[in-house]
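Undergrad: what shape does this take:
(chains A and B)
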Amino acid sequence: MSDSATKPRPQFRNISPIDLMNYRLPVAGKVSILHRVSGALLFLCLPFLIAMFAMSFVSEAGFTSMSAVLGHPVVKLILLVLIWGYLHHFCAGIRYLVLDLHIGMDKESAAKSASMVLGVSLALTAVFGLKLFGVW
Amino acid sequence: MTPIEKIGPKRLVVGAHYGTFGFIVQRVTAIIMAVYTLVLLAGILTMSGFTYQGWKSLFTFTVLMMPVGQILATLAMISLAWHAWIGIRDIWMDYVKPVGVRLFLMVLTILWLVGSVVYFIHILWRA
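TA: Now for the predicted structure:
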């Protein structure tokens, strides 16, 4: 007799926040929810990013003061989170476009490409972070 | 009214395919933004030093007197807003069930996005 017949698998229906703590999301699920979270984050920050662009774009003096604002470590940290959001949304989006073409649909490839999205976007964030904080 | 026997496995296929349209818009706008991102990145990387003039010309360069830089940036911004509308609308539809609250949030989303587009275009075309 198989193991599953004697011990039924836990079922997660109408998940409550408490269940969510114990629910282990597969890596593709993590990419999916982070795609949504990063998209929402970028949406909320959009007017502020345009304001930053406006300041840097309209005059040379504004460009110089924007450079000074970006020199602040807290601003850099906020910007780094947004850079991660953009990169994750970008990489995960490309994965979805490929999946739309019915490429890499099986469970193993989908899990592999999801891990790649997490890894590549974090690695690129690290590259931008090193550049941003002037390490390199 | 649709006769009840027309509903089921062999029901009349109805609907205007609004969902399909949104699906396609979301993907087309994503590709436009991805390409524009790479174009901007290439522009920044080939710039000789990060100067105000170089930064400005990324968005204001012309080709045969035509404001191509401004047009591309405007198209990318419109793509962004339309793409974000579909995504945020989906979030409200997934998590917010009361119709009144959902409608309120959707209206707020549209105002937020249209406001952002107008603000961006105003700044961009002033140059």
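Undergrad: going forward, measure contacts between C-alpha atoms and count neighbours the same way
TA: Noted.
Undergrad: contacts only, for the residue in chain B that chain A sits nearest to.
TA: Here chain B gets closest to chain A at one residue, B:S116, 5.6 Å apart by CA to the nearest CA. With contact set as CA atoms under 8 Å, 6 or more residues apart in numbering or on different chains, B:S116 has these partners: A:46-47, A:50.
Undergrad: also within reach of chain B: list those from the residues you listed.
TA: Among the contacts of B:S116, the residues within reach of chain B (CA under 8 Å from any CA of the partner chain) are A:46-47, A:50.
Undergrad: let's have those in CSV, adding pLDDT and secondary structure.
TA: Below are the ones next to chain B among the contacts of B:S116 laid out as CSV (pLDDT from 0 to 100; DSSP: H, G, I helix; E, B strand; the rest coil):
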residue, pLDDT, secondary structure
A:L46, 97, helix
A:P47, 97, helix
A:I50, 97, helix
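Undergrad: re the thing from before, pLDDT value on the residue of chain B closest to chain A, please?
TA: Among the per-residue scores, B:S116 shows a pLDDT of 98.
Undergrad: in which helix or strand does it reside?
TA: Using DSSP states H and E, B:S116 sits in helix B:99-126.
Undergrad: what comes up buried for that helix?
TA: By neighbour count on 16 or more other CA atoms under 10 Å in any protein chain shown, the buried set for helix B:99-126 is B:102, B:105-106, B:109-110, B:112-114, B:116-117, B:120-121, B:123-124.
Undergrad: could I get those as JSON lines with distance to B:R89?
TA: Output for the buried residues of helix B:99-126, formatted as JSON lines (distance: CA to CA, whole Å):
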{"residue": "B:R102", "distance to B:R89": "9"}
{"residue": "B:L105", "distance to B:R89": "9"}
{"residue": "B:M106", "distance to B:R89": "6"}
{"residue": "B:T109", "distance to B:R89": "8"}
{"residue": "B:I110", "distance to B:R89": "9"}
{"residue": "B:W112", "distance to B:R89": "13"}
{"residue": "B:L113", "distance to B:R89": "12"}
{"residue": "B:V114", "distance to B:R89": "14"}
{"residue": "B:S116", "distance to B:R89": "17"}
{"residue": "B:V117", "distance to B:R89": "17"}
{"residue": "B:F120", "distance to B:R89": "22"}
{"residue": "B:I121", "distance to B:R89": "23"}
{"residue": "B:I123", "distance to B:R89": "27"}
{"residue": "B:L124", "distance to B:R89": "27"}
